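S.K.: This is a predicted model, with the sequence first.
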Amino acid sequence: MKTHKRRYRLLRFVALIPQCDLLTSFREYQRRLFAASFTGAFSFPAIAPLARVLTPFTSGELKSLAIELRRLSMHTGGAIQSSGTALDHICTEELNFLGIQLSIGTAAEDGKQGNEGLFPETAKRKMLEVFSPPALCAAIVPSHKVHPCIHDLHKDAQEFPSAPAFSFRSAAVSNFTVRPLPSGDPAYSFEWRIDPLVWLPSWKGALHRGASLS
């Protein structure tokens, strides 16, 4: 059997992780992607990489990030929303994330510079790349299939599964580590680990505290 040889090294991310039971429509979207021959659907948990990093964030840095994300989400009633049916792929050296763009308050409107402002100063020296806007990962697309995938995204909606509109308030941030395996299909041949979660503050509590979050 033919295999794809890859370097065996860790990829580190800081990710936003919605509460899983709030994503019924997103899971259905993944099922439709899998049926449409995207074998990398379900390869990862439902995570939205916020940045690729050199070393993990500390618990204090994750807490600061969680507070800032909650503060920004208050512009939309505490909700983090999908950006309509827009799809995005986030490319790294080894992995390509096919996902649904997320809007977090005004950060999505401010571009990369606005998203860099999410992160505490002590963590910025660790960051290799900021993903702007972030995207909730629905499938992994091997690098040799990226261009056909992008072509598929522009097909008629009846031929390509349309992304659902959804929103969520309950979410956490965490360090997320990926280790590609040295052989096998790159759409699902890797190991991953989510470190302990740091939950965004309660949006109802944040609503009452107001400016104290900042």
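M.R.: Nice, thanks for sending it over.
S.K.: how about the CA coordinates for stretch 197-205, as CSV?
M.R.: C-alpha atoms of stretch 197-205 as CSV (Å, rounded to 0.1, in the frame of the first residue of the first chain):
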residue,chain,number,x,y,z
LEU,A,197,-9.7,23.9,29.1
VAL,A,198,-10.0,27.5,30.3
TRP,A,199,-13.6,28.5,29.8
LEU,A,200,-14.7,31.9,28.7
PRO,A,201,-16.4,33.8,31.6
SER,A,202,-20.1,33.5,31.8
TRP,A,203,-21.6,36.0,29.4
LYS,A,204,-24.5,36.8,31.8
GLY,A,205,-22.0,37.6,34.5
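S.K.: Now tell me what touches it from outside.
M.R.: 17, 59, 62-63, 65-67, 69-70, 73-74, 77-78, 169-174, 213 (CB atoms under 8 Å, 6 or more residues apart in numbering). The way it works is simple: take the backbone N, C-alpha and C, and place the C-beta from them, glycine included.
S.K.: So which of these belong to helices?
M.R.: S59, L62, K63, L65, A66, I67, L69, R70, S73 (DSSP state H).
S.K.: Please report how far the second one lies from T39.
M.R.: As defined by CB to CB, to the nearest Å, L62 lies at a distance of 32 Å from T39.
S.K.: neighbour-wise, which of those two wins?
M.R.: Set side by side, L62 and T39 give different neighbour counts by other CB atoms under 10 Å, the larger being at L62 (23 against 16).
S.K.: what about the closest residue to that one other than its chain neighbours, neighbour count?
M.R.: Counting by CB to CB, 6 or more residues apart in numbering, L62 lies nearest to V198, which is 4.1 Å off, once chain neighbours are set aside. By other CB under 10 Å, the residues close to V198 number 20.
S.K.: Then R9?
M.R.: R9 is flanked by 10 other residues according to other CB under 10 Å.
S.K.: so what's it up against?
M.R.: For R9, the contacting residues are R179, P180, by CB under 8 Å, 6+ apart.
S.K.: How about the secondary structure of it?
M.R.: coil (DSSP: H, G, I helix; E, B strand; the rest coil).
S.K.: now it: how far from E191?
M.R.: R9 is 12 Å from E191, where distance means CB to CB.
S.K.: Same check on C20?
M.R.: In terms of CB to CB, C20 sits 20 Å off from E191.
S.K.: Which one's more surrounded, the two?
M.R.: C20 (13 against 10).
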